[in-house]
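Novice: need coordinates for the following:
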Amino acid sequence: MIIGCWNIRGLNDPIKHSELRRLIHQERIALFGLVETRVKDKNKDNVTQLLLRSWSFLYNYDFSCRGRIWVCWNADTVKVDVFGMSDQVIHVSVTILATNISFNTSIIYGDNNASLREALWSDIVSRSDGWESTPWILMGDFNAIRN
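Specialist: Sure thing, here's the model as predicted:
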């Protein structure tokens, strides 16, 4: 099973829709994280219908008016359960239907402001307690650099 994540820097452009569809189909991706979508809540249903009609979507519009983070998946391949969400991260549990193997995934789009990112790091650290025996994938754009 292949998963991916893309800082798409805006998903309103039809050219990006076709590029995303091509990538997902060509690489046979089953779970995909999209960050920095810049799609307004009122337009998300139109965009998702244009993207992947048979896929399921999860967004963080309750925390960000521009839906900074989207998680999309092929429901014929994986089962996704959300267990945490904020303006900077969506945490999900993923089960591969063919094998019943499960793992946790966090799709991250860190805030540009370093002091606001502290909440993201606190969330990640607190969730790590008790997850030692569960595989965990963290992916996205942390918006942080090391010197």
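Novice: low-confidence bits of this protein, can you list those?
Specialist: In the prediction, the chain carries residues with pLDDT under 70 at positions 50, 145-147.
Novice: tell me who's in contact with the residue nearest to the spatial centre of the chain.
Specialist: Centroid-nearest residue in the chain: residue 33, 3.0 Å away (criterion: C-alpha atoms, centre = their mean). Residues in contact with residue 33, defined by C-beta atoms under 8 Å, 6 or more residues apart in numbering, are 3-6, 69-72, 90, 105, 107, 139-140. To be clear about C-beta, it is placed using only N, CA and C from the backbone, and glycine gets the same treatment.
Novice: now list the buried members of these.
Specialist: Listed as buried from the contacts of residue 33 are 3, 5-6, 69-72, 90, 105, 107, 140; burial here means 16 or more other C-beta atoms under 10 Å.
Novice: from the contacts of residue 33, which land in helices?
Specialist: Using DSSP state H, no member of these falls within helices.
Novice: now render those as JSON lines, adding distance to residue 14.
Specialist: Formatted as JSON lines, those follow (distance: C-beta to C-beta, whole Å):
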{"residue": "3", "distance to residue 14": "25"}
{"residue": "4", "distance to residue 14": "20"}
{"residue": "5", "distance to residue 14": "21"}
{"residue": "6", "distance to residue 14": "16"}
{"residue": "69", "distance to residue 14": "21"}
{"residue": "70", "distance to residue 14": "17"}
{"residue": "71", "distance to residue 14": "22"}
{"residue": "72", "distance to residue 14": "17"}
{"residue": "90", "distance to residue 14": "25"}
{"residue": "105", "distance to residue 14": "28"}
{"residue": "107", "distance to residue 14": "24"}
{"residue": "139", "distance to residue 14": "26"}
{"residue": "140", "distance to residue 14": "24"}
